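*Asks:* Build me a structure from this.
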Amino acid sequence: MNRFANLRPATLAPENLAASRSNRRIVPALRLSLLTAIFGVISTAAAQTQQPAVQMSQPDASSLRLRFDNPTMRPVYLAVLNLNNGELVLSEIHREAAYGTRLLFDKLPAGSYAVSLRVGRDRYRYAVQVAANAAGKPTIAVRETTTHRVESGLATARL
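*Replies:* All right, here's what the predicted structure looks like:
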């Protein structure tokens, strides 16, 4: 008795031959789809690692802490604008791989300010309201108003 008798190849009848030919066309298409999916995941992961990570926090009542990672070393534009009179309070360009700073609003007059950050096509904008409290020390309220990536075309920013 042969234990492996059922492992012999199937006979190629005309109906099996047609199915075999259609499978030959499907298999390369499946391989191509699989390779495309794998490449898409790899390129998405690579693109995500190249994206700058921006973090904004408020360590106390009158300041903001800004940190970002810039693995591409592209210019990062940081600006603080007084929305009451249009005065540019701060304008800096950074090309470091990682950068952090503390923005102090305690010496600024009460009013509305915009903190904007531009890294390549990515735009971040924070609205900061500076108000003097009863003790005479300023306090700030921060709200993120815009975070987006401009894909293509001409973009305009409203401050």
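*Asks:* tell me which element residue 68 falls in.
*Replies:* According to DSSP states H and E, residue 68 maps onto strand 63-69.
*Asks:* Quick check: buried residues in stretch 72-83?
*Replies:* Buried positions in stretch 72-83, judged by neighbour count with 16 or more other CB atoms under 10 Å: 74, 76, 78-82. To be clear about C-beta, it is placed using only N, CA and C from the backbone, and glycine gets the same treatment.
*Asks:* rewinding a little: I'd like to know which elements the helix or strand just after the strand holding residue 68 is packed against.
*Replies:* Downstream of strand 63-69, the first helix or strand assigned by DSSP H and E is strand 76-82. Secondary-structure packing of strand 76-82 (3 or more CB pairs under 8 Å, 6 or more residues apart in numbering; DSSP states H and E): strand 88-94, strand 98-104, strand 111-119.
*Asks:* what's the closest of those to residue 125?
*Replies:* Across the helices and strands packed on strand 76-82, residue 125 has its closest neighbour in strand 111-119 (4.9 Å, CB to CB).
*Asks:* Just the mean pLDDT for that closest one, thanks.
*Replies:* Confidence over strand 111-119 (mean pLDDT, whole number) is 91.
*Asks:* what is the orientation angle of it with strand 76-82?
*Replies:* Direction vectors for strand 111-119 and strand 76-82, defined by axes from the mean of the first three to the mean of the last three CA atoms, to 10 degrees, enclose an angle of 170 degrees.
*Asks:* so can I have TSV of the helices and strands packed on strand 76-82 showing distance to residue 69 and mean neighbour count?
*Replies:* Shown next, in TSV, are the helices and strands packed on strand 76-82 (distance: least, CB to CB, whole Å; neighbours: other CB atoms under 10 Å):
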stretch	distance to residue 69	mean neighbour count
strand 88-94	12	12
strand 98-104	5	14
strand 111-119	10	19
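*Asks:* Give the next helix or strand downstream of the lowest-mean-pLDDT helix or strand in the chain.
*Replies:* Of all regular secondary-structure elements in the chain, judged by mean pLDDT, DSSP states H and E, the least confident is helix 14-50 with a mean of 55. Next in sequence after helix 14-50, counting helices and strands by DSSP H and E, comes strand 53-60.
*Asks:* So which other helices or strands are in contact with that following strand?
*Replies:* By 3+ CB pairs under 8 Å, 6+ apart, strand 53-60 packs against strand 63-69, strand 111-119, strand 122-132, strand 138-149.
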